[in-house]
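Enquirer: this one's sequence-less:
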């Protein structure tokens with residue numbers, strides 16, 4: 001893969017840095033012939049639209065985008081502001097309703113991460129993730145039924161989370177925060193996660209409600225685990241990396257680096273962390289002192305990672321748009337298997353151990369599903 005960074009990407013990153021740290025934009029990367037449409041498209045693909053638009057609007061008049069670009073940016077920003085208000089209200093309402101049922105919850109990701117930014121509305125919001133734990137997983141499902149919310153058809157006892165909607169906003173009720181790739185490592189992660197949730201006394205105020213959030217060390221490990229998992233499995237946007245940078249900045253001096261390193265090694269995340277870290281320092285402007293295990297020697301590899309991020313788009317949606325899937329069940333499944341195998345193999349160099357675990361699980365689960373579907377179809381009574 002070509003790891004050279006395009007002019008539009010460099011300009012995008014300059015705008016992102018300026019917004020994240022509330023500093024003037026490095027105008028040396030901008031000129032009168034800036035392709036503002038390309039920058040806007042990249043910003044939306046990477047889910048950093050608000051961050052980029054705010055920086056662009058702060059430019060001196062002779063460098064600002066065209067008026068029509070301005071108009072679209074302002075419309076998008078206002079729409080995002082309203083979405084934040086809705087998501088905040090839904091989150092506060094959901095936490096209150098569950099608490100009334102004796103179900104305590106901890107907010108993961110989303111609006112909790114938004115609070116690490118200079119202003120929460122700078123982060124494009126999405127789902128609400130609430131950790132309820134294994135003992136409250138079924139009671140939370142029953143509560144959702146009683147609330148009358150839109151919900152998924154059934155509860156899968158060992159799934160990571162259960163999905164429902166309140167006022168159109170999706171909520172994921174987490175039985176567990178996340179999963180690692182081997183049983184022994186995952187057991188260690190689950191035990192550690194439960195401990196972190198039990199000892200956290202941190203809360204954030206959202207829509208007039210104090211909502212519990214995890215410990216700082218859980219925050220920075222989980223944000224990386226989440227982005228690393230999605231990077232390997234499909235793709236991430238720059239927003240994921242900005243979340244990581246903002247949390248490391250917000251928690252600077254509050255995390256035991258020795259403990260962090262121990263856990264990253266225990267969860268087989270240190271290799272990935274050290275390869276990704278230069279993106280935070282070299283491209284997003286995080287201080288080196290605030291980025292544990294940063295090593296400039298990994299910059300070449302991190303630039304290659306950045307190329308993947310730009311090429312794939314948030315959750316791989318850029319590549320998905322350009323893919324044609326053939327008709328027919330077997331043909332479609334075969335096509336997807338070959339395409340995903342090729343995609344995964346291009347990332348083998350990043351972390352062979354983790355990728356082999358992902359590929360093994362993907363192959364086994366996919367084969368099992370195909371066999372079940374074929375068996376179900378063959379056993380279906382003839383009309």
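Expert: Done, it's in. Only a predicted model underlies this, so the values are computations on that prediction, with no experimental measurement involved.

Enquirer: Nearest the middle, which residue of the chain would you pick?
Expert: The centre of the chain sits closest to residue 240, judged by C-alpha atoms, centre = their mean, with a distance of 4.6 Å.

Enquirer: Quick one: residues in contact with the helix or strand that residue falls within.
Expert: For residue 240, the host element (DSSP states H and E) is helix 238-250. The contact list for helix 238-250 (C-beta atoms under 8 Å, 6 or more residues apart in numbering) reads 12, 16, 20, 46-48, 51, 109, 113, 116-117, 123-124, 216, 219-220, 223-224, 226-227, 230-231, 276, 279-280, 284, 286-287, 290-292, 309, 314. No exception for glycine: its C-beta is placed from N, CA and C like everyone else's.

Enquirer: distance of the residue nearest to the centre of the chain from residue 225?
Expert: The gap separating residue 240 from residue 225 is 11 Å, by C-beta to C-beta, to the nearest Å.

Enquirer: Report the separation between the residue nearest to the centre of the chain and residue 305.
Expert: As for residue 240, its distance to residue 305 is 12 Å (criterion: C-beta to C-beta).

Enquirer: what does residue 42 give?
Expert: Relative to residue 305, and taking C-beta to C-beta, residue 42 is found at 16 Å.

Enquirer: What's the biggest helix in the chain, counting residues?
Expert: In the chain, ranked by residue count with DSSP state H as the criterion, the top helix is helix 67-100.

Enquirer: next structured bit after it?
Expert: strand 106-108.

Enquirer: For this protein, which segments count as strands?
Expert: Taking DSSP state E as the criterion, the chain carries its strands at 106-108, 128-131, 150-151, 161-166, 169-174, 202-206, 209-213.

Enquirer: And for residue 187, the neighbour number?
Expert: Burial of residue 187 is recorded as 11 neighbouring residues (other C-beta atoms under 10 Å).

Enquirer: if we can go back for a sec, between residue 240 and residue 305, which contacts overlap?
Expert: residue 231.

Enquirer: Ranking helices and strands of the protein by mean pLDDT, which lands last?
Expert: When the helices and strands of the chain are scored by mean pLDDT, DSSP states H and E, helix 317-321 comes last with a mean of 71.

Enquirer: Might one say that residue 269 is in contact with residue 224?
Expert: Yes: under the contact definition of C-beta atoms under 8 Å, residue 269 touches residue 224, with a separation of 6.4 Å.

Enquirer: Could you measure from residue 334 over to residue 213?
Expert: For residue 334 relative to residue 213 (C-beta to C-beta), the value is 44 Å.

Enquirer: Do a quick rundown of the helices in the stretch 151-300 of the chain.
Expert: 183-199, 216-233, 238-250, 257-266, 270-278, 299-312 (DSSP state H, counting those that start in this stretch).

Enquirer: In TSV: the ones you listed, plus distance to residue 377 and mean pLDDT.
Expert: Formatted as TSV, the helices of the stretch 151-300 of the chain follow (distance: least, C-beta to C-beta, whole Å; pLDDT from 0 to 100):
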stretch	distance to residue 377	mean pLDDT
helix 183-199	32	96
helix 216-233	28	96
helix 238-250	38	98
helix 257-266	44	98
helix 270-278	40	97
helix 299-312	33	94
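
Enquirer: Nearest to residue 88, out of those helices?
Expert: With respect to residue 88, and counting by C-beta to C-beta, the nearest of the helices of the stretch 151-300 of the chain is helix 238-250 at 17.3 Å.

Enquirer: Next, the angle from the closest one to helix 216-233.
Expert: Put simply, helix 238-250 runs at 160 degrees to helix 216-233, going by axes from the mean of the first three to the mean of the last three C-alpha atoms, to 10 degrees.

Enquirer: Give me the distance from helix 238-250 to the chain's centre.
Expert: Centroid separation between helix 238-250 and its chain, computed with C-alpha atoms, centre = their mean, to the nearest Å, is 10 Å.

Enquirer: what angle do that helix and helix 270-278 make?
Expert: Angle of helix 238-250 versus helix 270-278, following the same axes, to 10 degrees, is 90 degrees.

Enquirer: List buried residues within the contacts of helix 238-250.
Expert: Buried members of these, counted by 16 or more other C-beta atoms under 10 Å: 12, 16, 20, 46-48, 51, 109, 113, 116-117, 123-124, 216, 219-220, 223-224, 226-227, 230-231, 276, 279-280, 284, 286, 290-292, 309, 314.
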